[in-house]
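J.: the following comprises the amino acid sequence and a computationally predicted model.
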Amino acid sequence: MSGNYIPTKDADFDSFFKYITQYVSLKSSGLPPAWGHIPQGDRTALDNAYIQWYDTYALTFQPHIKPVQDEKNRQRRIAEKALRHFVKRFLRCEPVTDADRTNMGIPKRNKVMIR
């Protein structure tokens with residue numbers, strides 16, 4: 001799985017991150033949920049990471065000072081790390097399918113077999 005799937009532009013990253021949180025929430029809802037392998041606490045942590053990112057990112061929509069930009073950049077690094085960890089831990093394994101990963105913009109798992 002490529003490590004370069006995270007969009008570089010903040011607006012694209014925001015859309016990407018938001019969509020993944022929404023997709024995970026949808027697949028983890030219902031009785032029984034399609035994705036029962038993700039604990040509620042981890043879903044909440046992902047949602048909170050997005051909210052923290054967005055709250056800081058939104059401050060940059062208007063003219064702003066350098067400390068605001070610096071904090072946005074810091075929150076972006078934290079959010080990327082949280083998202084990559086979540087993807088690695090929960091979205092690379094079944095019951096998440098390659099179609100799910102494609103829908104979320106996450107590269108498919110590498111299924112190369114070594115003999």
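T.: Structure received. Bear in mind the structure is a predicted one, so any value in this text is a computation, not a measurement. Numbering: from 1, shown residues only.
J.: where does the protein dip in pLDDT?
T.: Where the chain drops to pLDDT under 70, the residues are 1-3, 109-115.
J.: residue boundaries of the strands in this protein?
T.: Assigned strands in the chain: none (criterion: DSSP state E).
J.: show me where it has its helices.
T.: Taking DSSP state H as the test, the helices found in the chain are 10-27, 40-58, 66-86, 98-104.
J.: which positions in the third one come out as buried?
T.: The one in question is helix 66-86. 72, 75-76, 79, 82-83, 86 (16 or more other Cβ atoms under 10 Å). In short, each C-beta sits where N, CA and C put it, glycine included.
J.: now it, how far from the centre of its chain.
T.: Distance of helix 66-86 from its chain centroid, counting by Cα atoms, centre = their mean, to the nearest Å, is 12 Å.
J.: equivalent analysis for the first one, please.
T.: Remark: helix 10-27 is offset 6 Å from the chain centroid, using Cα atoms, centre = their mean.
J.: with the second one instead?
T.: Offset of helix 40-58 from its chain centre (Cα atoms, centre = their mean): 9 Å.
J.: same question, stretch 22-32
T.: 15 Å.
J.: and that stretch, C-alpha only, in PDB?
T.: Taking Å, rounded to 0.1, in the frame of the first residue of the first chain, the C-alpha atoms of stretch 22-32 are listed here in PDB:
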ATOM      1  CA  GLN A  22     -18.400   9.600   7.200                       C
ATOM      2  CA  TYR A  23     -17.800   6.300   5.300                       C
ATOM      3  CA  VAL A  24     -16.500   4.600   8.400                       C
ATOM      4  CA  SER A  25     -19.500   5.900  10.400                       C
ATOM      5  CA  LEU A  26     -21.900   4.600   7.900                       C
ATOM      6  CA  LYS A  27     -20.300   1.100   7.600                       C
ATOM      7  CA  SER A  28     -20.000   0.900  11.400                       C
ATOM      8  CA  SER A  29     -23.700   1.700  12.000                       C
ATOM      9  CA  GLY A  30     -26.700  -0.600  12.000                       C
ATOM     10  CA  LEU A  31     -27.400  -3.900  13.700                       C
ATOM     11  CA  PRO A  32     -25.300  -5.700  12.900                       C
END
